[in-house]
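Student: A structural model of the following input is requested.
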Amino acid sequence: MASTRRLAAILAADVAGYSRLIGADEEGTLGRLRALRAELIDPKIAEHHGRLVKTTGDGLLVEFSSVVDALRCTTKVQAGMAERNETVPADKRIEFRIGINVGDIAVEDGDIFGDGVNVAARLEGLAEPGGICVSARVQEDAVGKLDLAFEDMREQQLRNIARPIRTYRVAKERRTEAAKGPALLPLPDKPSLAVLPFQNMIGDAEQDYFVDGVVEEITTAISRLPWLFVIARNSSFTYKGKAVDVKQVARELGVRYVLEGSVRKAGNRVRITGQLIDTATGAHIWADRFDGALDDIFELQDQVASSVAGAIEPKLRQSEIERASRKPTENLDAYDLYLRALAQFHKLTPAGGDEAVRLLRQALRLDPGYALAAGLAGWCCVYQRAQGWGPPSDEEIAESVGLARQAIEMGRDDPDALWMAAWTIGGVAGEHAAAAEAIDRALALNPNSAHAWMAKGWIAAFLDRPRVAIDAAENAIRLSPLDPLSYLFKLALARGYLIDGDYEEAMAWVDRSLREQPRFHPSIRNKVALCGHLGRREEAQRWVQRLQELGALSMTVSGFTTYSARFSSGRPRDLMVEGFRKAGVPEE
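Tutor: Next up is the predicted model:
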């Protein structure tokens, strides 16, 4: 019989560890496989219009006319297998590995042949037990039609397949059920961009801090353009070290453009490469590389920022492109110390905070006019004090406030230095009006700074301006939806709702904050106060005990009043105290 050809979705599956299962219990394994075929696999194939081509002892080959049918059948089979395996010992479980491909096949005497079949079989070999691997064609055909999440495995060189195959893993949770998965976001009403972590091509993992610093400076420079919506560095960096699909990143972050690249360093020479992708079309609308001496690193960063801006909006006036050119310091040794301090601070541990402060002091000795280092040093003090990590002495607080005031004076054109310094003078010294003024200047310079919006939310709460606090915190969350510091965004939002008298909404945001960072003392203190306002005394007592387990100072009304005297007063503090009393927190 002559063969015929057609396009099909091909499913290849085998049993993981089949030889081991047969060696341990041949009769039992074969019996369970027959039962699975009869009760689950064959009915699902028929239900989704598939054709069982053949079985191979430990596997099977199935043809579908539709990718959607193939994936629906596969996910239901794997879900059914997982359910049946719940009560089976791990060493006796039957688990399938499945690969799916779309391709042109030859059909002869009921069997199917061709490259499309071979690729499906090789993809099955990449899948983990209970997992599903698919080709890029399958992923593209399924997006928007099925409630599935795909994890990019990048190109794979499959055995006996001449060309590399772009491969995806089907996530085991559905997108709508994956609590860890970010929500899909709509595009804003102006050009939007995410700068992904650049690849470290230096060959030394300890130089990650340098590569990350380059990306952060480029992100900051581009963010200063008010006509551009830029996702904050902390959200973009959640993709660091992961194989990513730029279209998926764009959907998750709500952006149109993605910038990716790499950094190489050899001796005193640096090469930065970058490419800008329009994720709506997949087109590479800009790509370039920049070579120079390490002494010119800031100029290289400025070139990348300016080129990206020009690629997105060719008619931009040159003056606005020039606003993307900022040099934080001319002292490269101080800059290197700042990058190292930033990496330590983001660990959010007592040791990391201490090391960050040490490095920043060293940077300031080298460059006393380095506003960004002074601002970060002050913010470290605020965080250490809030957490109770060896609360700073009066002398250390005075030093931090002095550095913050210095940063505001020196860094009048540096939005990051301004908001960090503003947080310090507001959160440590209670100088809220001056802090609000500095933050407004930071946002005028860089309206895309999620952290400046966060600081504005906190200071507005201290100033008893709940609606301003709520709006600012919501802006922060939108600009950096995946930010590792978003528990601070959410707590600022909770503070706004608490002061506004909406205790239920405030509690919802405090709970979100605690889910992200369950050890953050201010979130727990706000939880206790809200429990009091909502009449949940027993729950409040459990959280008071949790604070004590975390090593907080004795939780009393007078203790909180003394602790907060430097940075909070008036109605915002009175609401906290009232909540503590209603929660049964002792006076002394």
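Student: residue contacts, Ile202?
Tutor: Contact analysis of Ile202 by C-beta atoms under 8 Å, 6 or more residues apart in numbering lists Phe210, Val211, Val263, Arg264, Lys265. Heads up, the C-betas are built off the backbone N, CA and C, glycines and all.
Student: any idea whether the last one is helix, strand or coil?
Tutor: Meaning Lys265. Following DSSP: H, G, I helix; E, B strand; the rest coil, we place Lys265 in the strand state.
Student: pull out the buried members of the contacts of Ile202.
Tutor: With burial judged by 16 or more other C-beta atoms under 10 Å, the buried subset of those is Phe210, Val211, Val263, Arg264, Lys265.
Student: next, Gly213: phi, psi?
Tutor: phi -70, psi -40 (degrees, to the nearest 10).
Student: apart from its neighbours in sequence, what residue is nearest it?
Tutor: Leu339 (3.7 Å; C-beta to C-beta, 6 or more residues apart in numbering).
Student: just to revisit the earlier point, closest to Gln344 among the buried ones among the contacts of Ile202?
Tutor: Comparing these against Gln344 with C-beta to C-beta places Phe210 closest, at 14.1 Å.
Student: might one say that Trp227 is in contact with Pro188?
Tutor: No: in this structure, Trp227 is not within contact of Pro188 by C-beta atoms under 8 Å, at 11.3 Å.
Student: so what does the helix or strand encompassing Ile477 touch, helix or strand wise?
Tutor: Taking DSSP states H and E as the definition, Ile477 sits inside helix 466-479. When contacts are defined as 3 or more C-beta pairs under 8 Å, 6 or more residues apart in numbering; DSSP states H and E, helix 466-479 sits against helix 450-462, helix 486-500.
Student: where does pLDDT dip in the stretch 351-500 of the chain?
Tutor: 390-392 (pLDDT under 70).
Student: the same query, at a cut-off of 80, please.
Tutor: The stretch 351-500 of the chain contains residues with pLDDT under 80 at 385-394, 396-397, 411-413, 448, 481-484.
Student: which residues in the stretch 201-350 of the chain form helices?
Tutor: All helices of the stretch 201-350 of the chain, identified by DSSP state H, counting those that start in this stretch, fall at 208-223, 233-236, 246-253, 297-312, 318-322, 332-345, 350-366.
Student: between the ones you listed, which one is closest to Ala136.
Tutor: Here helix 246-253 is closest among the helices of the stretch 201-350 of the chain (C-beta to C-beta), at 10.8 Å.
Student: now the closest one: average pLDDT?
Tutor: Mean per-residue pLDDT for helix 246-253: 85.
Student: buried set for the biggest helix by length in the chain?
Tutor: Counting residues, the longest helix found in the chain (DSSP state H) is helix 67-85. Buried residues in helix 67-85, counted by 16+ other C-beta under 10 Å: 67, 69-78, 80-81, 84-85.
Student: what packs against it?
Tutor: Using 3+ C-beta pairs under 8 Å, 6+ apart, helix 67-85 sits against strand 4-15, helix 42-47, strand 59-64, strand 96-108, strand 132-135, helix 136-142, strand 165-170.
Student: and the angle for the longest one with helix 67-85?
Tutor: Taking axes from the mean of the first three to the mean of the last three C-alpha atoms, to 10 degrees, one finds strand 96-108 and helix 67-85 inclined to each other by 140 degrees.
Student: right, I'll call it a day here.
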